[in-house]
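> With the input below, show me the fold.
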Amino acid sequence: MAHEVTVRSQDARPMRPEDTSRIWRHPGLDNVEMLQGSYQKYEFAQHFHTVPAIGVVDRGTMSIYCQSSTHVLPIGTVFLLNPGEVHAPKPATDSGWGFRVIYLEKEFFQNRSDDFGSGVPQFAQPFVRDAALATSLLRLHSKLERDADPLNIENDLADVFSRLSEQFVAEPTSDSVIYGERSKILRVRDYLNKNYWKSISVDDMTEIAQLSRFHLMRTFRRRVGLSLHAYLTQIRIEAAKKYLSEGASIVDVASEIGFTDQSHFTRHFKKITGVTPGQYLPQWRPNRCGAQSPVSVR
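Below is the predicted model of the structure:
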(Lines give C-alpha, C1' and ligand atoms only; values in the text may rest on other atoms or scores of the structure.)
Protein backbone atom coordinates (compact mmCIF):
# COMPACT_ATOMS: atom_id res chain seq x y z
CA MET A 1 0.00 0.00 0.00
CA ALA A 2 1.01 3.63 -0.42
CA HIS A 3 1.25 4.12 3.36
CA GLU A 4 -1.19 7.02 3.40
CA VAL A 5 -2.14 8.61 6.70
CA THR A 6 -5.09 11.03 6.87
CA VAL A 7 -4.86 14.17 8.95
CA ARG A 8 -8.23 14.63 10.66
CA SER A 9 -8.41 18.40 10.30
CA GLN A 10 -9.91 18.09 6.81
CA ASP A 11 -12.15 15.54 5.09
CA ALA A 12 -11.97 14.59 1.44
CA ARG A 13 -14.69 15.59 -1.00
CA PRO A 14 -16.42 12.42 -2.29
CA MET A 15 -15.58 11.07 -5.71
CA ARG A 16 -17.92 11.51 -8.67
CA PRO A 17 -18.30 9.31 -11.77
CA GLU A 18 -15.96 11.58 -13.72
CA ASP A 19 -13.23 11.11 -11.08
CA THR A 20 -11.16 8.00 -11.75
CA SER A 21 -8.07 6.48 -10.21
CA ARG A 22 -6.10 3.26 -10.26
CA ILE A 23 -3.35 1.88 -8.04
CA TRP A 24 -1.18 -1.13 -8.83
CA ARG A 25 2.18 -2.85 -8.51
CA HIS A 26 4.42 -4.17 -11.25
CA PRO A 27 5.31 -7.87 -10.84
CA GLY A 28 8.94 -7.25 -11.77
CA LEU A 29 9.59 -4.36 -9.38
CA ASP A 30 9.44 -4.96 -5.64
CA ASN A 31 8.48 -2.39 -3.02
CA VAL A 32 7.09 0.13 -5.49
CA GLU A 33 3.47 1.19 -5.92
CA MET A 34 1.95 3.32 -8.69
CA LEU A 35 -1.12 5.57 -8.74
CA GLN A 36 -2.76 7.18 -11.74
CA GLY A 37 -5.63 9.59 -11.13
CA SER A 38 -7.80 11.85 -13.26
CA TYR A 39 -10.18 14.13 -11.36
CA GLN A 40 -12.73 16.80 -12.15
CA LYS A 41 -13.88 18.09 -8.77
CA TYR A 42 -12.25 15.70 -6.32
CA GLU A 43 -10.33 17.16 -3.38
CA PHE A 44 -8.03 15.06 -1.23
CA ALA A 45 -8.05 15.33 2.53
CA GLN A 46 -4.91 16.59 4.19
CA HIS A 47 -2.69 13.57 4.52
CA PHE A 48 0.89 12.37 4.37
CA HIS A 49 2.75 9.24 3.28
CA THR A 50 5.25 7.28 5.32
CA VAL A 51 7.29 6.68 2.15
CA PRO A 52 8.67 9.06 -0.53
CA ALA A 53 6.14 10.03 -3.22
CA ILE A 54 7.38 11.13 -6.64
CA GLY A 55 4.85 12.32 -9.19
CA VAL A 56 4.05 14.60 -12.10
CA VAL A 57 0.94 16.53 -13.09
CA ASP A 58 -0.09 15.07 -16.46
CA ARG A 59 -3.42 16.84 -17.05
CA GLY A 60 -4.83 20.26 -16.25
CA THR A 61 -3.69 22.29 -13.27
CA MET A 62 -3.46 21.01 -9.71
CA SER A 63 -3.76 23.09 -6.57
CA ILE A 64 -2.05 21.62 -3.53
CA TYR A 65 -1.80 22.55 0.13
CA CYS A 66 1.75 21.83 1.30
CA GLN A 67 4.13 23.34 3.86
CA SER A 68 1.37 25.54 5.29
CA SER A 69 0.49 27.25 2.00
CA THR A 70 -1.31 26.59 -1.27
CA HIS A 71 0.58 26.08 -4.53
CA VAL A 72 -0.72 25.95 -8.11
CA LEU A 73 1.04 23.33 -10.23
CA PRO A 74 0.58 23.44 -14.03
CA ILE A 75 0.92 20.39 -16.23
CA GLY A 76 4.47 19.04 -16.27
CA THR A 77 5.25 20.01 -12.67
CA VAL A 78 7.09 17.34 -10.68
CA PHE A 79 6.33 16.92 -7.00
CA LEU A 80 8.83 15.32 -4.62
CA LEU A 81 7.24 14.65 -1.24
CA ASN A 82 9.34 13.42 1.66
CA PRO A 83 7.83 11.00 4.17
CA GLY A 84 5.59 12.88 6.59
CA GLU A 85 4.99 15.87 4.29
CA VAL A 86 1.34 16.92 4.84
CA HIS A 87 -0.41 17.82 1.60
CA ALA A 88 -3.85 17.97 0.00
CA PRO A 89 -4.28 18.11 -3.80
CA LYS A 90 -7.40 19.50 -5.46
CA PRO A 91 -8.39 21.08 -8.81
CA ALA A 92 -7.15 24.57 -9.59
CA THR A 93 -9.64 25.14 -12.42
CA ASP A 94 -13.01 23.80 -13.56
CA SER A 95 -11.34 21.70 -16.26
CA GLY A 96 -9.95 19.26 -13.71
CA TRP A 97 -6.53 17.71 -13.29
CA GLY A 98 -4.63 14.45 -13.27
CA PHE A 99 -1.38 13.05 -11.99
CA ARG A 100 0.84 9.99 -11.89
CA VAL A 101 2.63 9.04 -8.68
CA ILE A 102 5.24 6.47 -7.67
CA TYR A 103 5.49 5.46 -4.00
CA LEU A 104 8.83 3.99 -2.95
CA GLU A 105 8.97 1.85 0.17
CA LYS A 106 11.97 1.78 2.46
CA GLU A 107 12.90 -1.71 1.23
CA PHE A 108 13.31 -0.32 -2.29
CA PHE A 109 16.27 1.74 -1.10
CA GLN A 110 17.61 -0.98 1.19
CA ASN A 111 17.72 -3.44 -1.70
CA ARG A 112 19.74 -0.87 -3.65
CA SER A 113 22.17 -0.02 -0.89
CA ASP A 114 25.05 0.33 -3.37
CA ASP A 115 23.19 3.27 -4.89
CA PHE A 116 21.52 4.67 -1.76
CA GLY A 117 24.13 4.06 0.90
CA SER A 118 22.71 6.83 3.08
CA GLY A 119 19.24 5.25 3.10
CA VAL A 120 16.04 6.95 1.93
CA PRO A 121 16.99 10.19 0.13
CA GLN A 122 15.52 13.50 1.26
CA PHE A 123 14.24 15.88 -1.40
CA ALA A 124 15.42 19.48 -1.18
CA GLN A 125 12.10 21.00 -2.35
CA PRO A 126 8.58 19.67 -2.91
CA PHE A 127 7.86 21.07 -6.39
CA VAL A 128 10.16 21.49 -9.39
CA ARG A 129 9.82 22.46 -13.04
CA ASP A 130 12.20 20.17 -14.89
CA ALA A 131 11.16 18.97 -18.34
CA ALA A 132 13.75 16.18 -18.53
CA LEU A 133 12.75 14.76 -15.15
CA ALA A 134 9.03 15.02 -15.95
CA THR A 135 9.55 13.20 -19.25
CA SER A 136 11.55 10.43 -17.56
CA LEU A 137 8.91 10.02 -14.85
CA LEU A 138 6.02 9.83 -17.32
CA ARG A 139 7.90 7.34 -19.48
CA LEU A 140 8.70 5.16 -16.46
CA HIS A 141 5.17 5.32 -15.09
CA SER A 142 3.62 4.43 -18.44
CA LYS A 143 5.95 1.46 -18.86
CA LEU A 144 5.02 0.19 -15.42
CA GLU A 145 1.47 -0.14 -16.72
CA ARG A 146 2.36 -2.47 -19.58
CA ASP A 147 6.05 -3.35 -19.94
CA ALA A 148 7.25 -6.67 -18.54
CA ASP A 149 10.90 -6.13 -19.43
CA PRO A 150 12.84 -5.57 -16.15
CA LEU A 151 15.94 -4.25 -17.93
CA ASN A 152 13.90 -1.63 -19.76
CA ILE A 153 12.27 -0.51 -16.51
CA GLU A 154 15.59 -0.37 -14.65
CA ASN A 155 16.99 1.88 -17.37
CA ASP A 156 14.18 4.36 -16.79
CA LEU A 157 14.57 4.11 -13.03
CA ALA A 158 18.24 4.98 -13.48
CA ASP A 159 17.32 8.01 -15.59
CA VAL A 160 14.94 9.28 -12.92
CA PHE A 161 17.28 8.79 -9.98
CA SER A 162 20.31 10.12 -11.81
CA ARG A 163 18.44 13.37 -12.43
CA LEU A 164 17.13 13.47 -8.87
CA SER A 165 20.54 12.89 -7.31
CA GLU A 166 22.16 15.53 -9.51
CA GLN A 167 19.64 18.28 -8.87
CA PHE A 168 17.02 17.68 -6.22
CA VAL A 169 18.25 15.46 -3.39
CA ALA A 170 19.32 17.38 -0.30
CA GLU A 171 22.41 15.26 0.28
CA PRO A 172 23.13 13.33 -2.91
CA THR A 173 25.24 10.23 -2.53
CA SER A 174 28.35 10.44 -4.68
CA ASP A 175 29.28 7.39 -6.76
CA SER A 176 32.44 5.64 -5.63
CA VAL A 177 35.48 6.07 -7.81
CA ILE A 178 35.64 2.80 -9.71
CA TYR A 179 38.91 1.60 -11.19
CA GLY A 180 38.84 0.19 -14.69
CA GLU A 181 35.42 1.57 -15.59
CA ARG A 182 36.01 1.29 -19.32
CA SER A 183 37.05 -2.37 -19.15
CA LYS A 184 33.97 -3.18 -17.09
CA ILE A 185 31.68 -1.67 -19.70
CA LEU A 186 33.53 -3.59 -22.42
CA ARG A 187 32.91 -6.81 -20.49
CA VAL A 188 29.20 -6.02 -20.37
CA ARG A 189 29.09 -5.27 -24.12
CA ASP A 190 30.92 -8.49 -24.88
CA TYR A 191 28.45 -10.48 -22.80
CA LEU A 192 25.47 -8.85 -24.53
CA ASN A 193 26.98 -9.48 -27.96
CA LYS A 194 27.40 -13.18 -27.20
CA ASN A 195 24.18 -13.79 -25.26
CA TYR A 196 21.64 -11.42 -26.82
CA TRP A 197 18.94 -14.09 -27.25
CA LYS A 198 18.80 -14.84 -23.52
CA SER A 199 16.54 -13.22 -20.94
CA ILE A 200 19.15 -10.91 -19.40
CA SER A 201 18.49 -9.33 -16.02
CA VAL A 202 19.98 -6.25 -14.44
CA ASP A 203 21.50 -8.49 -11.76
CA ASP A 204 23.34 -10.40 -14.49
CA MET A 205 24.84 -7.15 -15.73
CA THR A 206 25.81 -5.82 -12.32
CA GLU A 207 27.52 -9.12 -11.52
CA ILE A 208 29.56 -8.94 -14.73
CA ALA A 209 30.44 -5.27 -14.34
CA GLN A 210 30.86 -5.26 -10.57
CA LEU A 211 29.07 -1.93 -10.48
CA SER A 212 25.88 -0.89 -8.73
CA ARG A 213 22.88 -0.98 -11.04
CA PHE A 214 22.37 2.78 -11.32
CA HIS A 215 26.08 3.42 -11.75
CA LEU A 216 26.15 0.77 -14.46
CA MET A 217 23.16 2.30 -16.26
CA ARG A 218 24.66 5.80 -16.17
CA THR A 219 28.17 4.70 -17.13
CA PHE A 220 27.03 2.43 -19.96
CA ARG A 221 24.92 5.19 -21.52
CA ARG A 222 27.74 7.73 -21.19
CA ARG A 223 30.39 5.47 -22.75
CA VAL A 224 28.32 3.63 -25.36
CA GLY A 225 25.79 6.31 -26.27
CA LEU A 226 22.80 3.99 -25.73
CA SER A 227 21.07 2.59 -22.68
CA LEU A 228 21.67 -1.08 -21.87
CA HIS A 229 18.20 -1.95 -23.13
CA ALA A 230 18.57 0.05 -26.35
CA TYR A 231 21.96 -1.55 -27.05
CA LEU A 232 20.58 -5.05 -26.47
CA THR A 233 17.65 -4.31 -28.78
CA GLN A 234 20.02 -2.99 -31.45
CA ILE A 235 22.20 -6.10 -31.54
CA ARG A 236 19.11 -8.32 -31.54
CA ILE A 237 17.86 -6.49 -34.64
CA GLU A 238 21.25 -6.83 -36.32
CA ALA A 239 21.16 -10.56 -35.62
CA ALA A 240 17.59 -10.73 -36.94
CA LYS A 241 18.65 -9.16 -40.25
CA LYS A 242 21.38 -11.78 -40.61
CA TYR A 243 19.04 -14.70 -39.93
CA LEU A 244 16.30 -13.33 -42.18
CA SER A 245 18.82 -12.93 -45.00
CA GLU A 246 19.81 -16.58 -44.55
CA GLY A 247 16.23 -17.78 -44.92
CA ALA A 248 14.91 -17.99 -41.37
CA SER A 249 11.21 -17.20 -40.93
CA ILE A 250 9.99 -14.10 -39.15
CA VAL A 251 8.19 -16.23 -36.57
CA ASP A 252 11.33 -18.24 -35.77
CA VAL A 253 13.54 -15.17 -35.55
CA ALA A 254 11.13 -13.35 -33.26
CA SER A 255 10.85 -16.27 -30.84
CA GLU A 256 14.52 -17.22 -30.80
CA ILE A 257 16.44 -13.96 -30.40
CA GLY A 258 14.83 -12.57 -27.27
CA PHE A 259 11.62 -10.77 -28.26
CA THR A 260 8.42 -11.53 -26.36
CA ASP A 261 6.32 -12.04 -29.51
CA GLN A 262 6.19 -11.24 -33.21
CA SER A 263 4.51 -7.85 -32.80
CA HIS A 264 7.18 -6.85 -30.27
CA PHE A 265 9.87 -7.90 -32.76
CA THR A 266 8.19 -6.11 -35.68
CA ARG A 267 7.79 -2.87 -33.74
CA HIS A 268 11.46 -2.69 -32.79
CA PHE A 269 12.66 -3.87 -36.20
CA LYS A 270 10.80 -1.05 -37.94
CA LYS A 271 11.88 1.49 -35.34
CA ILE A 272 15.54 0.73 -36.03
CA THR A 273 15.57 -0.17 -39.74
CA GLY A 274 12.65 1.90 -41.01
CA VAL A 275 10.89 -1.16 -42.51
CA THR A 276 9.05 -4.17 -41.14
CA PRO A 277 10.57 -7.67 -41.26
CA GLY A 278 8.04 -8.50 -43.96
CA GLN A 279 9.28 -5.59 -46.06
CA TYR A 280 12.90 -6.55 -45.41
CA LEU A 281 12.56 -10.21 -46.49
CA PRO A 282 11.72 -9.85 -50.22
CA GLN A 283 15.07 -8.31 -51.14
CA TRP A 284 16.72 -11.64 -50.31
CA ARG A 285 14.29 -14.00 -52.03
CA PRO A 286 15.49 -13.44 -55.61
CA ASN A 287 18.93 -14.66 -54.52
CA ARG A 288 17.60 -17.99 -53.24
CA CYS A 289 16.55 -20.58 -55.79
CA GLY A 290 14.86 -23.89 -55.17
CA ALA A 291 14.11 -25.47 -51.83
CA GLN A 292 15.85 -24.00 -48.83
CA SER A 293 17.20 -26.04 -45.96
CA PRO A 294 16.01 -24.99 -42.52
CA VAL A 295 18.15 -22.22 -41.10
CA SER A 296 19.29 -22.53 -37.51
CA VAL A 297 18.83 -19.31 -35.60
CA ARG A 298 22.04 -18.61 -33.64
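> which SSE is Asp30 in?
Using DSSP states H and E, Asp30 sits in no helix or strand.
> contacting residues for it?
107-108, 111 (C-beta atoms under 8 Å, 6 or more residues apart in numbering). C-beta here means a position set from N, CA and C on the backbone, and glycine is covered the same way.
> which regions of the stretch 51-200 of the chain sit below the pLDDT cut-off?
Counting by pLDDT under 70, the ranges of the stretch 51-200 of the chain that qualify are 117-118, 148, 171-179.
> For stretch 99-111, buried residues please.
99-105, 108-109 (16 or more other C-beta atoms under 10 Å).
> Would you convert the residues you listed into JSON lines that also reports distance to Leu81 and secondary structure?
Shown next, in JSON lines, are these (distance: C-beta to C-beta, whole Å; DSSP: H, G, I helix; E, B strand; the rest coil):
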{"residue": "Phe99", "distance to Leu81": "12", "secondary structure": "strand"}
{"residue": "Arg100", "distance to Leu81": "14", "secondary structure": "strand"}
{"residue": "Val101", "distance to Leu81": "9", "secondary structure": "strand"}
{"residue": "Ile102", "distance to Leu81": "11", "secondary structure": "strand"}
{"residue": "Tyr103", "distance to Leu81": "10", "secondary structure": "strand"}
{"residue": "Leu104", "distance to Leu81": "11", "secondary structure": "strand"}
{"residue": "Glu105", "distance to Leu81": "14", "secondary structure": "coil"}
{"residue": "Phe108", "distance to Leu81": "15", "secondary structure": "helix"}
{"residue": "Phe109", "distance to Leu81": "15", "secondary structure": "helix"}
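> Pull the most distant pair out of these.
Phe99 and Phe109 (22.7 Å; C-beta to C-beta).
> ok so, going back, please identify which of the contacts of Asp30 is nearest to Gln122.
Within the contacts of Asp30, the smallest distance to Gln122 is 15.0 Å, found for Phe108 (C-beta to C-beta).
> and the closest one, what does it touch?
By C-beta under 8 Å, 6+ apart, the contact list for Phe108 reads 30-32.
> Relative to Ser183, how far out is Arg145?
Careful, residue 145 is Glu and not Arg. Distance of Glu145 to Ser183, given as C-beta to C-beta, to the nearest Å: 38 Å.
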